[in-house]
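Student: Pasting the sequence and the predicted model now:
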Amino acid sequence: MAHVLVTGAAGFIGSHTVDQLLAAGHTVTGVDNFRTGRRANLAAALTSARCSLHEQDVAAPGALAALVGATKPDAIIHLAALVSVQESMTNPDLNYSLNIHTTHLVAEAARLNGVRRLVFASSAAIYGDATDLPIRESSEKKPISPYGAAKLASEAIFLGHGAAFGITVRCQRYFNVFGPRQDPASPYSGVISIFDRRYREGKGVTIFGDGQQTRDFISVHDVARANVLAATRPDIPSGVANICTGRSTSLLEVVGVFARHYPAAPAVVLAAPRTGDIVHSLGAPEEAERALGFRATVSVATGLGELIAAG
Ligand code: UD1
């Protein structure tokens, strides 16, 4: 069994990753500053004797290195980040600090303390508005936001450290993740989290465009499992992989599932497409299967059903 340090442990993806690490018998040291993470997300995890949580800012100089030195994890899963693409546009300095400089601090904490493996939360945002689908790991990297640029730079920082200092590095390029605990607070939050909240509150939803746009929606449970594999599977090489399903789902299909569960909900409103929106996004999932033995198993219908039932 491994000891894994998770940054951003109380966040959406972090808390599910912690849950699955514990369920698999591993020990977890969680770190979060609760900027966007929530302690309640770890309520179940914190009942385990194998889980500890440290309220700490990963960006604070020396703080993470000290914790890694004191706890000596086998692997670090680095999920702490400025998670909003929109916020990276309005505050590029903060994006630089949290999504680039902090990556370097994590890589250094690993190097200085002999951590053998690093897993990084990368994003399909590194591909920008790619139109040649499905997107493969070899597809052109063309970020169109400070957020996407920072994710691409961070991959390079981790991979460079890995190659130089003998650390196995896995960069996980998440596509459109959805599921319980995703924060619907901003209009730019993940569309499924926004729809879930609005239907729950008896309100109608707005689709920007005609609803034919498609995304590769992946359940957070699959994403967490991919993280556990990347951090703990023996004898895997360093590398990058899309974490996606390889299946397209349109917004109309998503709304269709909600509408069946909420037959009395107001009709969907169609509004003008958002500036900068991409029409289709779809990942190729083969590399994650080859490198990690990971294949997504939760369908969008099943994942939405779970979300709606979670209440
Ligand atoms: C993701 C980012 C977004 C970024 C874009 C860059 C997230 C949550 N979103 O957007 O910030 O600019 O990559 O490629 O990381 N939609 C509606 N109604 C709503 C909300 C959204 O119709 O109330 C639509 C959007 O216009 C879009 C689709 O739903 O067409 C999916 O939106 P979103 O969940 O934000 O994902 P991305 O478009 O992939």
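Tutor: Sure, I can see it. Note that the structure is a prediction, hence the values are computed from the model and not measured.
Student: Just the closest residue of the stretch 1-150 of the chain to the ligand, please.
Tutor: Taking C-beta to the nearest ligand atom, the ligand has its nearest neighbour within the stretch 1-150 of the chain at Val85, 3.3 Å off. The C-beta positions use only the backbone N, C-alpha and C, and glycine is treated the same way.
Student: Could you check how many residues crowd around the closest residue to that residue other than its chain neighbours?
Tutor: Leaving aside its sequence neighbours, Val85 sits nearest to Tyr147 (C-beta to C-beta, 6 or more residues apart in numbering; 4.5 Å). The number of residues packed near Tyr147 is 24, by other C-beta atoms under 10 Å.
Student: Restricting the selection to alpha carbons, write the helix or strand that contains Tyr147 to CSV.
Tutor: Using DSSP states H and E, Tyr147 sits within helix 146-165. Extracted in CSV, the C-alpha atoms of helix 146-165 (Å, rounded to 0.1, in the frame of the first residue of the first chain):
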residue,chain,number,x,y,z
PRO,A,146,-3.7,31.8,-19.4
TYR,A,147,-5.2,28.7,-17.7
GLY,A,148,-4.5,26.4,-20.6
ALA,A,149,-1.0,27.9,-21.0
ALA,A,150,-0.3,27.3,-17.3
LYS,A,151,-1.4,23.7,-17.5
LEU,A,152,0.9,23.1,-20.5
ALA,A,153,3.8,24.9,-18.8
SER,A,154,3.2,22.8,-15.7
GLU,A,155,3.4,19.5,-17.6
ALA,A,156,6.8,20.6,-18.9
ILE,A,157,7.9,21.6,-15.4
PHE,A,158,7.0,18.2,-13.9
LEU,A,159,8.3,16.2,-16.9
GLY,A,160,11.6,18.1,-16.8
HIS,A,161,12.1,17.4,-13.1
GLY,A,162,11.0,13.8,-13.7
ALA,A,163,13.6,13.2,-16.4
ALA,A,164,16.4,15.0,-14.6
PHE,A,165,15.8,13.6,-11.1
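Student: picking up where we left off before, what's the local residue count around the residue of the stretch 1-150 of the chain closest to the ligand?
Tutor: 17.
Student: repeat for the one 10 residues further on
Tutor: In terms of burial, Asn95 registers 22 neighbours under the definition other C-beta under 10 Å.
Student: so it sits right up against Gly148, yeah?
Tutor: No - the pair Asn95 / Gly148 is not scored as a contact, 10.1 Å apart, by C-beta atoms under 8 Å.
Student: Identify the contacts common to the two.
Tutor: Shared contacts of Asn95 and Gly148, defined by C-beta atoms under 8 Å, 6 or more residues apart in numbering, are not found at any residue.
Student: near the ligand, which residues of the stretch 1-150 of the chain show up?
Tutor: 85-86, 125 (C-beta under 6 Å from any ligand atom).
Student: Just put those in CSV and tack on secondary structure.
Tutor: CSV is the format used below for these (DSSP: H, G, I helix; E, B strand; the rest coil):
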residue, secondary structure
Val85, helix
Gln86, helix
Ala125, helix
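Student: so what's Ser189 up against?
Tutor: Residues in contact with Ser189 (C-beta under 8 Å, 6+ apart) are 84, 182-183.
Student: swap in His16?
Tutor: Counting by C-beta under 8 Å, 6+ apart, His16 has contacts 179-181, 220-221, 223-224.
Student: okay, these in a markdown table with distance to Asp210 next?
Tutor: Compiled in a markdown table, those are given as follows (distance: C-beta to C-beta, whole Å):
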| residue | distance to Asp210 |
| --- | --- |
| Gly179 | 26 |
| Pro180 | 29 |
| Arg181 | 30 |
| Val220 | 28 |
| His221 | 30 |
| Val223 | 28 |
| Ala224 | 33 |
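Student: Cool, thanks, talk later.
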